[in-house]
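> I need the structure of the sequence given here:
(2 chains, ligands or ions: 1)
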Amino acid sequence: MKAREHILGKIQRALEVDPSHDAARRRAVAERLQRHGRHTVPARGQLPDEERIALFRRMLEAVAGTTGRVTSRAEVPTALAAHLEARGLPLRLRRGSDPRLEEMPWERAGALEVATGPAEDGDTAGLVYAFAGIAETGTSVAVSGADNPTTLSFLPEEAIILVDADTIAGDMETVLSALRTRYGTALPRTVNFITGPSRSADIEQTLLLGAHGPRALHVLIVG
Amino acid sequence: MDVTSPAFKENAARALDDAQLQRALGNIRHGFVEKRRVAADALPEFEQLRDEAKAIKDHTLAHLDLYLEAFCETVEARGGTVTFAETAYDARRAVLDICREHEAKTVTKAKSMVSEEIELNRYLKKKGIAPVETDLGEYILQIRDEAPSHIIAPAIHLNRDQIEADFRRVHTHLPNERDLAEPATLLGEARTILRQKFLTADVGVTGANFLVAETGSAVIVTNEGNADLTQSLPKVHIVVASIEKVVPTLEDAATLLRVLARSATGQDMSVYTTMATGPRREGDPDGPEAFHVVLVDNGRSGMIGTDFQEMLRCIRCGACMNHCPVYHAVGGHTYGWVYPGPMGSVLTPSLVGVDQAGQLPNASTFCGRCESVCPVRIPLPKLMRHWREDEFARHLQPRAARTGLGAWAFLARRPRAYRMLTGLAARALSLAGGTKGRLSSLPLAGGWTKHRDLPAPAPRTFMADWKARRGA
Ligand code: SF4
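The predicted structure follows:
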């Protein structure tokens, strides 16, 4: 506690504020936190629906992600089995208990083994259902919890994210507002903004994929 | 980290003669500059976003006490704890106490410059806790027992063959004849080794790019995903961040993120941007059970209200060093402490004292490229000039420099004498430069001409030329 008082006191003296006559500053801060106003939002993502989705895919593909699209949730299991097969990966994946995932007809995917729970060492593919997408940068936004455990996006060799087409926003601010509407100021433990597969350029600035996180990222757009 | 900034000149001489280093530094000149330019050009709003980024930081710094209070409140409301640390010692001690409270033996770490500043690794090791750096570049440096030479590309001073030699030296459990010729195989080896560390660590330590007062979140950005494994697998997540990282709202963080990645690596967005808020919630199957934030002052509050307050806007993107001709020539280690390049030349004297680091603000050509690319528009050359004046006023400069500057000041106040002498000097130097127009050595300026030629001046000074033309 003493360190906190010292540091805050030093800052106040440096700013020449008198803590007992500080109502105006306090009001300014409270208002800014209340209002959480937006700054300039780039025009790039402000597009009609289909163009926005096309931008999302283009941006993600530009950073070595791959994308696909299905028209309904019922098609997801077979699309995922086909994707894993095409990538030469074992026909298994792990997912959380998101009701949207629970309701899918997994039996249609034939040999695909589906485990649930947080990621484990040795998992080859992890599946999460995103909260939203951001077209501006090709970013998927996932939130932690039993529905979609965070580790599924980081530990497996391949990360697969489902994004509902109607949640793909033009810009980050729209998604921040949606998070606030859904969770108030009590955000989930982790909100992940994911833009492509893991990479490093630490050896001679050579770009390499699959540093610690997944070597590949596939985003399947639903709808 | 020991401060070797007083030996800047010797460090620089060594760096200029180091062929390996010079080869590695070429990667900066060619990579970062062009990538930033392309990314900035692709976003028409970029310059406006820089103005807004600056304004966000200025507003926050003017209300820093209040935003820190607000941040503490929201972190605690989400079940986390905040510890303030006045000094580097207090900060590393706070981390140790948390580790001990959770009986930790191993700690994984994601890249964090402030943890370098507080010398966390050395301290934890001394206290019997094994820290493991997980960022690929930082891991390489840890096994070499070296400091980072760049704030976002810590191992930029190394070449592939050096890294191969280190891996062979340290990873002795692997077959000697394995092929490590490609960067990809080096990465694969590090990935396998670090995977086990991630899975077994007791505590994960990360830095933070931003702390959001509104939500109590730490915003942590990486491309490798190592910060995410560091914070989601162990049972404890400790965020070590300096006090000026706080911003008011999520929207403020969004604007800063837009300029951060573009300025740093030329990406529109880094691969992983993570908002971490408190420990895992009821029902969460993964994530840490405890969430601690250690807020480090270590000299920063003393910069507020001074000329150097502007330096606290810095978001550690690295653009200023990527564009700095001095950094290009001598690399990061030459600067002798944690923060290299132009931002280090301003920050280091503030944090370790101008008596120790007074040489750094002098290591500048004042070309202004750093300021022109700084996403939060920090007037780096102006601040370096402030340090020079401060150093001069405090009689900290070497005698030759003082005498030289004193003589110059004497002449500058006497225009006629100044013109006469500069006119003479210009003629003499121009003659000495001959038809090449270059001087490869010059009395009293051996330090300059040892590694490059001095362009010979025009035979007449500008003033003389102007006068002649007007007369004509
Ligand atoms: S001073 Fe500016 S350019 Fe340099 S690291 Fe800081 S924010 Fe980036």
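> Only C-alpha atoms from now on, for both contacts and neighbour counts.
Will do.
> Surely residue A:161 forms part of a strand?
Yes. Checked against DSSP: H, G, I helix; E, B strand; the rest coil, residue A:161 lies within a strand.
> On the C-terminal side of the top helix by length along chain B, identify the next helix or strand.
Taking DSSP state H as the criterion, chain B has its longest helix at helix B:19-41. Counting by DSSP states H and E, the next helix or strand C-terminal to helix B:19-41 is helix B:46-62.
> what about residue B:195, how many neighbours?
Using other C-alpha atoms under 10 Å in any protein chain shown, residue B:195 has 17 neighbouring residues.
> And chain A, is the longest helix of chain B touching that?
Yes. Counting by C-alpha under 8 Å from any C-alpha of the partner chain, chain A is contacted by helix B:19-41 at B:24, B:27, B:31.
> how far away is the first one from residue B:73?
Separation of residue B:24 from residue B:73 (C-alpha to C-alpha, to the nearest Å): 46 Å.
> In chain A, what residue lies closest to the ligand?
residue A:202 (18.0 Å; C-alpha to the nearest ligand atom).
> Now do the phi/psi pair for the residue nearest to that residue when sequence neighbours are not counted.
Leaving aside its sequence neighbours, residue A:202 sits nearest to residue B:137 (C-alpha to C-alpha, 6 or more residues apart in numbering or on different chains; 5.2 Å). When quoted as degrees, to the nearest 10, the phi and psi of residue B:137 stand at phi -60, psi -40.
> thinking residue B:137 is in contact with residue B:154, fair?
Yes. In terms of C-alpha atoms under 8 Å, residue B:137 counts as a neighbour of residue B:154; the distance is 5.6 Å.
> Residues that sit against both of the two, list them.
residue A:202 (C-alpha atoms under 8 Å, 6 or more residues apart in numbering or on different chains).
> Of the residues of helix B:19-41 next to chain A, grab the buried ones for ChimeraX.
Buried members of the residues of helix B:19-41 next to chain A can be picked out in ChimeraX with the line below, counting by 16 or more other C-alpha atoms under 10 Å in any protein chain shown:
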select /B:24,27
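> Including pLDDT, could the residues of helix B:19-41 next to chain A go into CSV?
Below are the residues of helix B:19-41 next to chain A laid out as CSV (pLDDT from 0 to 100):
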residue, pLDDT
B:24, 85
B:27, 79
B:31, 86
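> Show me which of the residues of helix B:19-41 next to chain A is closest to the ligand.
When the residues of helix B:19-41 next to chain A are compared for distance to the ligand (C-alpha to the nearest ligand atom), residue B:31 wins out at 15.9 Å.
> Not counting its neighbours along the chain, what's nearest the closest one?
By the measure of C-alpha to C-alpha, 6+ apart, the closest residue to residue B:31 outside its immediate chain neighbours is residue A:205, 7.5 Å from it.
> residues in contact with the one you found?
Counting by C-alpha under 8 Å, 6+ apart, residue A:205 makes contact with B:27, B:31, B:156.
> Same question for residue B:82.
Residues in contact with residue B:82 (C-alpha under 8 Å, 6+ apart) are B:72, B:75-76, B:292-295.
> What ranges does the stretch 351-472 of chain B have for its strands?
In the stretch 351-472 of chain B, the segments counted as strands under DSSP state E, counting those that start in this stretch are B:438-439, B:454-455.
> Next: chain A.
When assigned using DSSP state E, the strands of chain A occupy the ranges A:66-70, A:92-95, A:113-116, A:125-129, A:132-134, A:139-143, A:158-164, A:168-169, A:190-194, A:199-200, A:208-209, A:216-222.
> Same list (these) but as CSV, adding distance to residue B:86, mean neighbour count and mean pLDDT.
Putting the strands of chain A into CSV (distance: least, C-alpha to C-alpha, whole Å; neighbours: other C-alpha atoms under 10 Å in any protein chain shown; pLDDT from 0 to 100) gives the following:
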stretch, distance to residue B:86, mean neighbour count, mean pLDDT
strand A:66-70, 47, 17, 98
strand A:92-95, 44, 22, 98
strand A:113-116, 45, 16, 97
strand A:125-129, 41, 28, 98
strand A:132-134, 39, 29, 98
strand A:139-143, 34, 25, 98
strand A:158-164, 41, 25, 98
strand A:168-169, 42, 25, 98
strand A:190-194, 29, 25, 98
strand A:199-200, 34, 24, 93
strand A:208-209, 39, 20, 93
strand A:216-222, 42, 23, 98
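> and those as JSON lines, adding distance to the ligand?
Below are those laid out as JSON lines (distance: least, C-alpha to the nearest ligand atom, whole Å):
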{"stretch": "strand A:66-70", "distance to the ligand": "31"}
{"stretch": "strand A:92-95", "distance to the ligand": "39"}
{"stretch": "strand A:113-116", "distance to the ligand": "42"}
{"stretch": "strand A:125-129", "distance to the ligand": "34"}
{"stretch": "strand A:132-134", "distance to the ligand": "25"}
{"stretch": "strand A:139-143", "distance to the ligand": "24"}
{"stretch": "strand A:158-164", "distance to the ligand": "31"}
{"stretch": "strand A:168-169", "distance to the ligand": "29"}
{"stretch": "strand A:190-194", "distance to the ligand": "22"}
{"stretch": "strand A:199-200", "distance to the ligand": "20"}
{"stretch": "strand A:208-209", "distance to the ligand": "24"}
{"stretch": "strand A:216-222", "distance to the ligand": "29"}
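> Now render the ones you listed as CSV, adding distance to chain B.
Converted to CSV, the strands of chain A look like this (distance: least, C-alpha to the nearest C-alpha, whole Å):
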stretch, distance to chain B
strand A:66-70, 14
strand A:92-95, 12
strand A:113-116, 11
strand A:125-129, 14
strand A:132-134, 11
strand A:139-143, 8
strand A:158-164, 12
strand A:168-169, 14
strand A:190-194, 5
strand A:199-200, 5
strand A:208-209, 7
strand A:216-222, 11
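> Export those strands as TSV, with columns for distance to residue B:13.
TSV is the format used below for the strands of chain A (distance: least, C-alpha to C-alpha, whole Å):
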stretch	distance to residue B:13
strand A:66-70	48
strand A:92-95	56
strand A:113-116	59
strand A:125-129	51
strand A:132-134	49
strand A:139-143	45
strand A:158-164	47
strand A:168-169	53
strand A:190-194	43
strand A:199-200	31
strand A:208-209	33
strand A:216-222	44
